[in-house]
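Asks: pasted the sequence and its predicted model underneath.
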Amino acid sequence: MSGTVEQLQQIITQSDNIVFFGGAGVSTESGIPDFRSVDGLYHQTYDYPPETILSHSFYLNKTEEFYRFYHDKMLCLDAKPNAAHLKLAELEKAGKLKAVITQNIDGLHQMAGSKEVLELHGSIHRNYCRKCAKEFSAQYIDEHIGVPLCDECGGIIKPDVVLYEEGLDMHTMQKSIDYISNAQVLIIGGTSLAVYPAAGLIDYYTGNQLILINKSPTPMDMRADLLIQGSIGEILGSIQV
């Protein structure tokens, strides 16, 4: 059913077992481009479609072109947490929110102060040498033009992000399933719920307080117990903890 922020406030006030599941829309208000919105990456013109560039085989076969796109569009190191990130961290600190499960790779939830963050698609802040496994920061990648190489063995570095054709980390998936299946309240925000297997996680929720916050319709709208369309930053930011 369509609902109001007042209804959301009442549900949050009465619960201490909330799980949040979010996607790209949570970070667009921080200036990070979405993949599927009208002005997102899928509607921009490159030599190859973004879905092709962000694939495992493209990374292996056209590594320089991959990193040209990655530097330009994925390394958004100047982005800051917005009201949604900050409120979720506040809810966790108050003992109401148990975990944030995110499809984003930007690390903004942690920057906002969230502790229990499950990153389904990895993080730009973790990078490793494919040859010797040495770890590198996002700043190291950002400072190296072209293909970043290990400063010890010269191997090619790969971001710890899940590319197309790669599987999700099963430990992260299992923890996400555990949190969702045990949640009293599940809040889903800023996601088109079009990317699987991540979107299939909500099937593990068995409660009756499924809250969906998004600017545009999703395939799961009819399943929501509370549906609020609008800016997730404005909506969550207005909640009192």
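Replies: Cool, the structure landed.
Asks: neighbours of residue 27, just the number please.
Replies: Residue 27 has 29 neighbouring residues, counting by other Cβ atoms under 10 Å. (C-beta placed from N, C-alpha, C; glycine too.)
Asks: and it, that's in a strand?
Replies: No. Judged by DSSP: H, G, I helix; E, B strand; the rest coil, residue 27 forms no part of a strand; its state is helix.
Asks: what residues does it make contact with?
Replies: Contacts for residue 27 (Cβ atoms under 8 Å, 6 or more residues apart in numbering) come out as 79, 82, 104, 106, 108, 190.
Asks: measure how buried the closest residue to residue 67 other than its chain neighbours is and give me the count.
Replies: Once flanking residues are discounted, residue 67 sits nearest to residue 147: 5.3 Å by Cβ to Cβ, 6 or more residues apart in numbering. The number of residues packed near residue 147 is 13, by other Cβ under 10 Å.
Asks: swap in the one 10 residues further on?
Replies: A total of 22 residues lie near residue 157 under the criterion other Cβ under 10 Å.
Asks: need phi/psi at it.
Replies: Main-chain dihedrals, residue 157, degrees, to the nearest 10: phi -90, psi 140.
Asks: for the strand or helix carrying residue 118, the averaged confidence score.
Replies: Assigned by DSSP states H and E, residue 118 belongs to strand 117-119. Here strand 117-119 scores 98 as its mean pLDDT.
Asks: same question for stretch 142-155.
Replies: 96.
Asks: for it, buried residues please.
Replies: Neighbour counts using 16 or more other Cβ atoms under 10 Å place 148, 150 of stretch 142-155 among the buried residues.
Asks: quick one: end-to-end distance for it.
Replies: Start and end residues of stretch 142-155 are separated by 17 Å (Cα to Cα, to the nearest Å).
Asks: what does that stretch contact?
Replies: Contacts with stretch 142-155, where a contact means Cβ under 8 Å, 6+ apart, come from 63-64, 67-68, 71, 75, 77, 127, 129-132, 134, 136, 140-141, 156-157.
Asks: of the contacts of residue 27, select the buried ones using a PyMOL command.
Replies: The PyMOL command for the buried members of the contacts of residue 27 (criterion: 16+ other Cβ under 10 Å) is given here:
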select buried, resi 79+82+104+106+108+190
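Asks: of the contacts of residue 27, which belong to helices?
Replies: residue 108 (DSSP state H).
Asks: nearest to residue 47, of the contacts of residue 27?
Replies: Comparing those against residue 47 with Cβ to Cβ picks out residue 106 as the nearest, at 24.5 Å.
Asks: touching, the closest one and residue 80? I think so.
Replies: No. Using Cβ atoms under 8 Å, residue 106 makes no contact with residue 80, being 10.4 Å away.
Asks: and for these two, which residues touch both?
Replies: With Cβ under 8 Å, 6+ apart, residue 106 and residue 80 have common neighbours residue 30.
Asks: can I get the helix or strand of the chain with the lowest mean pLDDT in PDB? Just the C-alpha atoms.
Replies: Ranked by mean pLDDT, DSSP states H and E, the weakest helix or strand in the chain is helix 50-53, scoring a mean of 88. Taking Å, rounded to 0.1, in the frame of the first residue of the first chain, the C-alpha atoms of helix 50-53 are listed here in PDB:
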ATOM      1  CA  PRO A  50      28.900  -0.200 -19.500                       C
ATOM      2  CA  GLU A  51      27.600  -3.700 -19.000                       C
ATOM      3  CA  THR A  52      30.300  -5.000 -21.400                       C
ATOM      4  CA  ILE A  53      33.100  -2.900 -19.900                       C
END
